[in-house]
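A structural model of the following input is requested.
(one chain, ligands or ions: 1)
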Amino acid sequence: MLNQTNVKLGKVRSSIRELFEYGKKRKAEIGADNVFDFSIGNPSVPAPDKVRRTLIDLIENTDPVELHGYTSAQGDYSVRKSIADELNGRFSVRLTADCIYMTCGASASLTVTLNALLNEGDEVIAFVPFFPEYKVFCEHAGGTLVPVACDGAFQPDLNDFAKKLSGRTKAVIINSPNNPSGVIYGAETVKKIVELVKGCAQPVYVISDEPYRELVFGEIEIPFIMNYYGRSIVCYSYSKSLSLPGERIGYIAVNNAAEDFEEIYAGILGAGRALGFVCAPSLFQRLIAGCAGQTSDLSVYKANRDRLITCLTEYGFEFAQPDGAFYLFIKSPDGDAQAFAERAKKYELLLVAGDSFGCNGYVRLSYCVSPEMIERALPAFKRLADSYER
Ligand code: PLP
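You can find the predicted model right below:
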């Protein structure tokens, strides 16, 4: 018999992917302009022109054997050095190239990290609402995901966190700006999380999954975990900040202030090897080094957020105020997320039922779409709101 865990994972898509596939089918049936696809976090803003120019330059002026060859398993040295330098400059840490491990995006950063850290039966804490793949990644690495509740503003419920920490806790995942709520955890929250983690008898690792680090609206500072806690690991991706989700490029940064830094980094190298990653895409590693500090034009997402907040509030929908990422987590008017998402489909609005994010009664709207699509979708949202008797 085949490995039934994997067979099942292959047969039942994530709710996000399921809706994304439905959207493709529906667009073929009634025309792309008539479907309002808010299902997936696929950036609509193109990568900056610097990406195009750097790629052309790399292709035209680098020895192709070198450009397309394997790099070191952990990534090209000069690429890792440029990332370490950037992080040191921004966050006053003292990382070296040997703290960085290049990956195929945040998903790979997370799977490699979890496989490096976990033994069978270990627990990993995540704050709801959380990216549903965390559960898949944890369980595949032999662990169990333990959800911690949130308060009404989608901030971690620290009393519940204190209760859920146990002798089996190996790691805690923080995701801020958050997918799907868009909220940011402030410095006080991070300090309290760290304080509680430090109270554990065994070493507990804090993993900061931050593909939305640059997607912040306004002058809000996102605490950088390494400034608060030694045993910390950052999982980063260029999928969102540089609009490169299909190219699969990101990194893991291990805090060299961790007492067991050498062990962690070795575990990451070992996990990456065992999972068959070999090395992150060579061309895109070099591209990243050439585009340090660049982002796509993220102002589009802020404009989308503002427009949606104004209109959806006017129509009577409720959600937490998002300060970052590009999602709205909307309360289902009758408390049933599945029914809400199904009803939205009747108006060709594709919203993901949020139950798999660990938080019942909400749907996720991904607004990394074109402003034109939002304008076309607004009447449908109004009709959806009106369909509920209030
Ligand atoms: N973590 C979070 C919170 C995400 O929202 C996503 C993607 O949407 C990922 C990880 C995976 O990102 P990547 O495409 O870089 O693998």
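
can you show me the strands along the stretch 1-150 of the chain?
Under the criterion DSSP state E, counting those that start in this stretch, strands of the stretch 1-150 of the chain are mapped to 36-37, 100-103, 123-127, 144-148.

and the average pLDDT for the second one is what?
Looking back up the chat, that one is strand 100-103. What strand 100-103 shows for mean pLDDT is 98.

ditto for the third one
Confidence over strand 123-127 (mean pLDDT, whole number) is 98.

next, the buried residues of it.
For strand 123-127, the buried set under the neighbour-count rule, 16 or more other C-beta atoms under 10 Å, comprises 123-127. Where you see a C-beta, it was placed from the backbone N, CA and C, and this is true even at glycine.

and which of these is nearest residue 329?
Minimum distance to residue 329 across these is 13.2 Å, recorded for residue 127 (C-beta to C-beta).

tell me who's in contact with that closest one.
Going by C-beta atoms under 8 Å, 6 or more residues apart in numbering, residue 127 touches 147-148, 150, 156, 161, 173-175.

ok, and of the residues you listed, which contact the ligand?
residue 175 (C-beta under 6 Å from any ligand atom).

among the contacts of residue 127, name the ones in helices.
Taking DSSP state H, the ones among the contacts of residue 127 that sit in helices are residue 161.

ok, the contacts of residue 127 vs the ligand, which is closest?
Closest approach between the contacts of residue 127 and the ligand, by C-beta to the nearest ligand atom: residue 175, at 4.7 Å.

excluding chain neighbours, what is closest to the closest one?
residue 209 (4.6 Å; C-beta to C-beta, 6 or more residues apart in numbering).

again with residue 57
Among residues not flanking residue 57 along the chain, residue 290 sits closest, at 7.4 Å (C-beta to C-beta, 6+ apart).

measure that neighbour to residue 282 for me?
Applying C-beta to C-beta, to the nearest Å, the value for residue 290 to residue 282 is 13 Å.

of those two, which one has the most company?
residue 282 (20 against 16; other C-beta atoms under 10 Å).

what is the neighbour count of residue 17?
Counted with other C-beta under 10 Å, the neighbours of residue 17 add up to 14.

who touches it in this structure?
Taking C-beta under 8 Å, 6+ apart as the test, what residue 17 contacts is residue 40.

on that earlier part again, the residue nearest to residue 175 pairs with what?
Under DSSP bridges, the beta-bridge partners of residue 209 are residue 235.

and the contacts of residue 127, which are buried?
Neighbour-count burial (16+ other C-beta under 10 Å) applied to these gives 147-148, 150, 156, 161, 173-175.

how far does stretch 316-326 sit from the chain's center?
Distance of stretch 316-326 from its chain centroid, counting by C-alpha atoms, centre = their mean, to the nearest Å, is 17 Å.

rounded mean pLDDT for that stretch, please.
pLDDT averaged over stretch 316-326 gives 94.

stretch 65-84 now?
On average, stretch 65-84 scores 97.

count the residues that sit near the closest residue to the ligand within the stretch 251-390 of the chain.
Going by C-beta to the nearest ligand atom, the ligand is nearest to residue 325 of the stretch 251-390 of the chain, at 7.5 Å. As a burial measure, residue 325 scores 29 neighbours (other C-beta under 10 Å).

near the ligand, which residues of the stretch 101-250 of the chain show up?
Within the stretch 101-250 of the chain, the positions lying close to the ligand (C-beta under 6 Å from any ligand atom) are 105-107, 131, 175, 179, 209, 211, 237, 239, 245, 250.

what do you get if the cut-off is 8 Å, keeping everything else the same?
Within the stretch 101-250 of the chain, the positions near the ligand by C-beta under 8 Å from any ligand atom are 104-110, 130-131, 133-134, 175, 178-179, 209, 211-212, 235, 237-240, 245, 248, 250.

rewinding a little: can you tell me which of the strands of the stretch 1-150 of the chain comes nearest to residue 219?
strand 123-127 (24.1 Å).

could you export that closest one as CSV, CA atoms only?
What follows is strand 123-127, C-alpha atoms only, in CSV (Å, rounded to 0.1, in the frame of the first residue of the first chain):
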residue,chain,number,x,y,z
GLU,A,123,4.5,20.0,19.4
VAL,A,124,4.5,23.2,17.4
ILE,A,125,2.4,26.1,18.6
ALA,A,126,0.7,28.4,16.0
PHE,A,127,-1.6,31.4,16.8
